[in-house]
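Participant: Next input, structure requested:
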Amino acid sequence: MVSHSELRTLFCAADAVCFDVDSTVIREEGIDELAKFCGVEDAVSEMTRRAMGGAVPFQVALAERLALIQPSREQVQRLLAEHPPHLTPGVRELISRLQERGVQVFLISGGFRSIVEHVASKLNIPAANVFANRLKFYFNGEYAGFDETQPTAESGGKGKVIKFLKEKFHFKNIVMVGDGATDMEACPPADVFIGFGGNVIRQQVKDNAQWYITDFVELLGALEE
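Facilitator: Numbers count the residues shown, from 1 in each chain. Down below sits the predicted model:
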């Protein structure tokens, strides 16, 4: 078992840090916000809860929820314009500090690229460092499904992204930060997993994460030591 001080040392020595987005970098669950905007909030949030708890294969849960929502391109654009996602307190400062140290920061999300790229732009994270699901639309803008070939569309997808990053960039030490079961399952190949409960506490993650935080100030403090 790795000690807490060893975990802090590994975090401070990371050459890449990967963040989940929904309920981690932002306060909301993007798919639930889209469902609310499209008028099917209750049914979809229950599916999200089951998916995040690990009870349903991720791709199945994603397909079921999107089939209910049927979001058009215009609805996604209006959601971002009228109800932009709220950054979690402290995350902007943490990511800025990591970038100042030369650490590569990635966003790996089971949410939608159009929303995640909007978040990335606010954090000075290049679009090339975003891994998320792509919605598909017909020429008239109506919902046409999602890109099932994206690794983030399937169970274990976040781990596949991290494995890809290690092979491509030869990172020696990757840290994954997130609130859900799909984030915890990405370690390994991630070298360290940090559970985040600042927006929502998933009991499975709280009970099993080697390092569990509820405020990004704790990670900022570790960097300043």
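Participant: going forward, measure contacts and count neighbours with C-alpha atoms only.
Facilitator: Will do.
Participant: Would you mind pulling the contact partners of the longest strand along the chain?
Facilitator: Counting residues, the longest strand in the chain under DSSP state E turns out to be strand 104-112. Strand 104-112 is contacted from outside by 15-22, 30-31, 95, 98-99, 116, 120, 125, 129-135, 152-153, 158, 161, using Cα atoms under 8 Å, 6 or more residues apart in numbering.
Participant: Stretch 129-141 too?
Facilitator: By Cα under 8 Å, 6+ apart, the list of residues contacting stretch 129-141 from outside reads 72-74, 105-114, 116-117, 120, 143-147, 150, 152-153, 161.
Participant: Any idea which residue is closest to the centre of the chain?
Facilitator: Residue closest to the average C-alpha location in the chain (Cα atoms, centre = their mean): D20, at 2.1 Å.
Participant: List the contacts of that one.
Facilitator: Applying Cα under 8 Å, 6+ apart, the residues near D20 are L107, I108, S109, M176, V177, G178, D179, D183.
Participant: which SS class is the fifth one?
Facilitator: Here V177 takes the strand state, with states given by DSSP: H, G, I helix; E, B strand; the rest coil.
Participant: Please report how far it lies from T24.
Facilitator: Distance, V177 to T24, by Cα to Cα, to the nearest Å: 8 Å.
Participant: again, but for the fourth one
Facilitator: For M176, the distance to T24 equals 11 Å [Cα to Cα].
Participant: Repeat that for the second one.
Facilitator: When distances are taken as Cα to Cα, I108 and T24 turn out to be 11 Å apart.
Participant: Now do the residue located most distally from the centre of the chain, the pLDDT please.
Facilitator: The centre of the chain is farthest from one residue, N140, which by Cα atoms, centre = their mean lies 29.6 Å away. Looking at N140, its pLDDT is 92.
Participant: isn't there a helix covering it?
Facilitator: No. In this structure, N140 is coil, not part of a helix, as judged by three-state DSSP.
Participant: from here on, count from 51
Facilitator: With 51 as the first residue, the last one maps to N190.
Participant: low pLDDT regions in this structure?
Facilitator: Scanning the chain with the threshold set as pLDDT under 70 gives 51-53, 58, 62, 98-105, 273.
Participant: Go again with 50.
Facilitator: For the chain, no stretch has pLDDT under 50.
Participant: returning to that earlier point: now flag whichever of the contacts of D70 is closest to E114.
Facilitator: Nearest to E114 out of the contacts of D70 is S159 (Cα to Cα; 17.6 Å).
Participant: what about the residue nearest to the closest one when sequence neighbours are not counted, which helix or strand?
Facilitator: Leaving out its chain neighbours, the residue that sits closest to S159 by Cα to Cα, 6 or more residues apart in numbering is A182, at 4.8 Å. Following DSSP states H and E, the helix or strand that holds A182 is strand 180-183.
Participant: residue contacts, F61?
Facilitator: With Cα under 8 Å, 6+ apart, F61 has these contacts: V225, V242.
Participant: What's the separation between G209 and S164?
Facilitator: Distance from G209 to S164, counting by Cα to Cα: 22 Å.
Participant: I81 now?
Facilitator: Applying Cα to Cα to I81 and S164 gives a distance of 12 Å.
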